[in-house]
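In: just to be clear, the model below is a prediction. Sequence and coordinates:
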Amino acid sequence: MSPRRKKPAPVPLTGDSPTTAPLGNDPILRSVSRAAFALVLLFAFLLLWRGHNAPGGGFIAGLMTVGALILHRMATGTSALHVDPLRLVPWGLALAFLTGLVPYLLGRPFLKSAYGYLTTPLTGEFEWASALLFDFGVYLVVVGGSLAIAYALIDVDPQERVEGDE
Amino acid sequence: MTLAVFLPFLLSALAAWLGPRLGRRIGYVAALAFLPALLLALPLAGMPGAVPALEVTRWVPDLGLNLAFRGDGFSLLFAVLIGVIGTLASLYSVAYLSDRERFGRFYAYLLLFGGSMLGLVLSDNLIALFGFWEMTSVTSFLLIGLWHTRAAARDGAVKAFLVSALGGLGLLAAVSLISLAGNSTTLSGLDVAALRASPLFTPALLLTLLAAFTKSAQLPFHLWLPTAMEAPTPVSAFLHSATMVKAGVVLVAKFGLLFGTSPLWSGIIVPLGLATLVWGAWLALRQTDLKALLAYSTVSQLGLLMSLYGLAGAEGNFAGTAHLLNHAAFKAALFFVVGIIDHETGTREIPLLGGLRRALPVTFGVALLAALSMAGLPPLGGFISKELFYEAMLHQGPLFIVVAVAGSALTFAYTFRLLRVFLGLPRAPQGAHPHEAPPGLTLPAAGLAGAALLFGVWPASAEALTRTAQAALNFAEYREHLALWHGVTPALLATGLTWALGAGLVWQAGRVGALQRRLTPRVNANTAYYALLEGVNVFAAWLIARTQGLALPDQLRVMLAAAAVIAGYAVLRAPQVFHPFGTLPLGVLPIAALLVAGAVGVLLARNRLTAVVVTGLTGFGSAAAFLALRAPDLALTQLLVEAVTVILFLLAFRYLPGGRDLKRSRWRLRLDVGLAALAGVGATLLVLSSVRFLAPPISPYYLVNSYAGGGGKNVVNVLLVDFRGFDTLGEVTVVGMVALAVLALVRLGKRGRTATAPEALPPEGLPPEGLTPTPPARHKEPA
């Protein structure tokens, strides 16, 4: 799978079928999506960041990011993510697993999270938690997995017929 | 000991990485991996009296799962054996393998295998023992299938894996039963009296036997071992002589302490071992391929070892351990010799070869020593252990000794068949000019053959090694000594008879061969195996066609019906479990009405798009309900899941034909309504019945501890990432796997040449292909 799509988004052959509407040449959608994309993405990061103390977390943030990326993809026809989404999955899993492994190797229960407080002049008191790393791993997996599915569905041309198809 | 087990694993990773860089020299690094195993020989010196060493590494202590390695005399002896043969096989491979071989992969597998085997023999923890046992199955699968481009190698690997995995399942069940009945997960900590009194004793015994027989290729599981010779020759030497196949023998020897009191134990193992001895030798005599001959000879010799350890007595264990040493020495040496012959002449077919003693004098000497030890001729180690074997079988009864003599006579015969390639007139395939092999090939073989000779002319050396096992296997009272000459005993007479019979077989080789051809059974273990495999395939195809050939809606109907029935049954069986679950806030009622409306609306929708949108109503309605019940995290999740689901739905709809109305007859609508209602009622009843506060609810605990323990104010998130982080890890793994599965379905489902050319379409709304920057290739295939 190439990071960038090699094949253009499917475009209807004849146009008589409403289910194969073109993805990605609506000017209104394109201009609106730019602002929306950035806002949604920002909100997703916020969700991820504050997840430990307020509603939010890796899973939700991941889904929200996926929504933003799909919107971008549908509006512009290009992927805003410059890597193959599926590649995020092993990285995310590895990150989540490693955050669990480190406390285990230090003789504490697997996935036992550590946390503490830092005070910086800019932000005031600020909590850090190893759980955030774990959450980030979850985030990566959710983004990678869902996006891979969505892109796969977008990528394949439903009009395409293969030899032997019935 | 822990180091001895883990160093091969560590170096295996290193070998995989260094392989492409160092080439064949990686073999010297690989040989180092067995160094700690070799050093285990030091504690062996004072062994019979010494207390076994125990090294425990905690792993999951709550489950009784630790890595406990126990260095008693028998385990250490075996570990050293593995170390010696492993080192020699690594060194031999350096000279043996062709330049095109992928050394990194080969040595990585070899070391993984060696490490698993060391873990298996040293492990005191039963669960870890099973783990190592399965790892030997998996790694031997990889080793046998190393040349995976060859169909025979693939077949051999699969066969070995299927057969030994069957035994592995047996072992898993057996160790579970043993640790349940014996109240311990460690072998040395078992309550043997409780185990013997337990009703689980007999099932555990039978399952252990299944494991031992499959691994050690006893009848009728002997079929995998000969095909396992598709592996490279050094691997065969390692697998056949010292390790893999002897895992079953180790199991019988060690578990004999537990099960030996049962008459069932010896009653099954000894006859089956003897039958394997004769049948393996009979089959070996028929082979024309040198390696196949040796493979069947291993089957036969393992039968001999099994029958000795199966006696579970002092005599059997002593003789078994002595023969174990001898067998490892001569069999590995013979495999190395066959490797040399193969290397020098390009063939292993006995009819094509002859008179090799002139071209390969050193190899001939080595082969002679090893082969005569196998045939049980003095003054070699094999003679002595064969005498002990006869002695033990004489004590069992006349039938046993008759079978034993018959098997040994056949062994004698096939040994001379093997040696025939060195005798007679020089003969080799065209173009081959055999000359003496490089020292890298001959030295390992010579060392092992030397050991076979040493055990014969200086029996005290073998005896000292054999004695080390006595405390471990509980035969302290055994007073016999190893010696070449005991005087004229019944065993010696039996040996004389064996030689006479064997010589007769060699003399009448032509007639024996004709007889064997005439006696070839139409049905053997291999045909049974393939028939079984084929049967499983046919059955699976039949089952899939019956169960998964339905259209997706029909499958859903079946699932819903099943859910309704199961839930209804569960509630019916336990109707008393309904409990009040507090009061519902009134604000939820309109939302509930919305949810129901959405559900009914889906049924009434006439068109897919409408159906999806209306389904969304239930999804967003649930989110609203979560909000009303003050669960913002759940509501947020539900909202986003719903949004992404709708997007994916709509994308998937592009594959379906047009925006036509759904075809739906009236009775089908009724069926669906009925099914949905039933499933819904069932699920509701199930939920209601499970909402019971028999135990105090767990939520206050999390509310109290989430900030103190996890450092977060959001209980749900702390629950997900800390208290139950392991669950979450599993769930995201599932997410990743689902993505892979969907990708495979969508992308790889359509293979073949496309009938309509999509590249002819105008790429609207896209930058031209040439302008998209291609990211640098990060993934580099190893050369």
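Out: Here it is on my side, so go on.
In: most centrally placed residue in chain B?
Out: Nearest to the geometric centre of chain B sits B:Ser137, at 2.7 Å (CA atoms, centre = their mean).
In: buried residues, the helix or strand where B:Ala531 lies. List them.
Out: Here B:Ala531, judged by DSSP states H and E, is contained in helix B:525-547. Using 16 or more other CB atoms under 10 Å in any protein chain shown as the burial criterion, the residues of helix B:525-547 that qualify are B:Ala525, B:Tyr529. Just so you know, the C-beta spots here come from the backbone N, C-alpha and C atoms, and that holds for glycine as well.
In: show the average pLDDT along that helix.
Out: Averaged across helix B:525-547, the pLDDT comes to 85.
In: residues of the next helix or strand after it that come out buried?
Out: The helix or strand immediately downstream of helix B:525-547 is helix B:552-573, counting by DSSP H and E. For helix B:552-573, a neighbour-count test (16+ other CB under 10 Å) marks B:Arg557, B:Leu560, B:Ala561, B:Ala563, B:Ala564, B:Ala567, B:Gly568, B:Val571 as buried.
In: stretch B:420-430 now?
Out: Residues of stretch B:420-430 classed as buried by neighbour count (16+ other CB under 10 Å): B:Arg420, B:Val421, B:Phe422, B:Ala428.
In: show me the shaky parts of the chain.
Out: You didn't say which chain, so I picked chain A. A:1-25, A:111, A:113-114, A:116-118, A:120-128, A:156-166 (pLDDT under 70).
In: meant chain B, my bad for not saying
Out: B:45-51, B:241-244, B:430-432, B:470-487, B:574-583, B:657-664, B:690-697, B:709-711, B:748-783.
In: for it, which segments count as strands?
Out: B:53-60, B:65-71 (DSSP state E).
In: just checking: what are the partner strands of the first one?
Out: Taking DSSP bridges as the criterion, strand B:53-60 sits next to strand B:65-71 (antiparallel) in its sheet.
In: who's in contact with the strand it pairs with?
Out: Strand B:65-71 is contacted from outside by B:1-2, B:5, B:40, B:43, B:52-60, B:79, B:119, B:122-125, B:127-128, B:185-188, using CB atoms under 8 Å, 6 or more residues apart in numbering or on different chains.
In: just the buried members of these?
Out: Using 16+ other CB under 10 Å as the burial test, the contacts of strand B:65-71 include B:1, B:5, B:40, B:43, B:52, B:55, B:79, B:119, B:122-125, B:127-128, B:185-187 as buried.
In: hang on, the earlier thing: my guess is the residue nearest to the centre of chain B contacts B:Val163, does it?
Out: No: counting by CB atoms under 8 Å, B:Ser137 does not reach B:Val163; the two are 9.1 Å apart.
In: what's around B:Leu352, how many residues?
Out: Burial of B:Leu352 is recorded as 16 neighbouring residues (other CB atoms under 10 Å in any protein chain shown).
In: what residues are up against it?
Out: So B:Leu352 contacts B:Thr345, B:Arg427, B:Ala428, B:Pro429 (CB under 8 Å, 6+ apart).
In: what two of those residues are the furthest from one another?
Out: Maximum pairwise distance among the contacts of B:Leu352 (CB to CB): 9.5 Å, between B:Thr345 and B:Arg427.
In: name the residues contacting each of the two.
Out: B:Leu352, B:Leu353.
In: and the strands in chain A, which stretches?
Out: A:115-120, A:124-129.
In: and the closest residue to A:Leu47 other than its chain neighbours, how many neighbours?
Out: Leaving aside its sequence neighbours, A:Leu47 sits nearest to A:Gly56 (CB to CB, 6 or more residues apart in numbering or on different chains; 3.7 Å). When neighbours are counted by other CB under 10 Å, A:Gly56 registers 26.
In: same check on the one 3 residues further on?
Out: A:Phe59 has 27 neighbouring residues, counting by other CB under 10 Å.
In: got the buried residues for stretch B:26-41?
Out: If you call a residue buried by 16+ other CB under 10 Å, then stretch B:26-41 has these buried ones: B:Ile26, B:Gly27, B:Val29, B:Ala30, B:Ala31, B:Ala33, B:Phe34, B:Pro36, B:Ala37, B:Leu38, B:Leu40, B:Ala41.
In: rewinding a little: from the buried residues of stretch B:420-430, pick the one nearest A:Leu133.
Out: Nearest to A:Leu133 among the buried residues of stretch B:420-430, counting by CB to CB, is B:Val421 at 64.3 Å.
In: what packs against the longest helix belonging to chain A?
Out: The longest helix of chain A (DSSP state H) is helix A:130-155. With contacts taken as 3 or more CB pairs under 8 Å, 6 or more residues apart in numbering or on different chains; DSSP states H and E, helix A:130-155 sits against helix A:27-50, helix A:58-76, helix A:88-105, helix B:632-653, helix B:715-718, helix B:725-747.
In: out of those, nearest to B:Leu604?
Out: Short answer: helix B:632-653, nearest of the helices and strands packed on helix A:130-155 by CB to CB, at 18.3 Å.
In: with just CA atoms, put the closest one into CSV.
Out: What follows is helix B:632-653, C-alpha atoms only, in CSV (Å, rounded to 0.1, in the frame of the first residue of the first chain):
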residue,chain,number,x,y,z
PRO,B,632,-20.5,12.2,29.2
ASP,B,633,-17.6,10.0,28.3
LEU,B,634,-19.9,7.3,27.0
ALA,B,635,-22.1,9.8,25.2
LEU,B,636,-19.1,11.3,23.4
THR,B,637,-17.8,7.9,22.4
GLN,B,638,-21.3,6.8,21.2
LEU,B,639,-21.7,10.0,19.2
LEU,B,640,-18.3,9.6,17.4
VAL,B,641,-18.8,5.9,16.8
GLU,B,642,-22.1,6.7,15.3
ALA,B,643,-20.7,9.4,13.1
VAL,B,644,-17.9,7.2,11.8
THR,B,645,-20.3,4.3,11.3
VAL,B,646,-22.6,6.3,9.2
ILE,B,647,-19.6,7.5,7.1
LEU,B,648,-18.4,3.9,6.6
PHE,B,649,-22.0,2.8,5.8
LEU,B,650,-22.3,5.4,3.1
LEU,B,651,-18.9,4.5,1.7
ALA,B,652,-19.9,0.8,1.6
PHE,B,653,-23.1,1.7,-0.1
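In: what is it packed up against?
Out: helix A:58-76, helix A:130-155, helix B:608-628, helix B:715-718.
In: in JSON lines: these, plus distance to B:Ser307.
Out: Output for the helices and strands packed on helix B:632-653, formatted as JSON lines (distance: least, CB to CB, whole Å):
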{"stretch": "helix A:58-76", "distance to B:Ser307": "60"}
{"stretch": "helix A:130-155", "distance to B:Ser307": "55"}
{"stretch": "helix B:608-628", "distance to B:Ser307": "68"}
{"stretch": "helix B:715-718", "distance to B:Ser307": "61"}
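In: so for B:Pro521, which of those helices sits nearest?
Out: Per CB to CB, nearest to B:Pro521 of the helices and strands packed on helix B:632-653: helix A:130-155, 53.4 Å.
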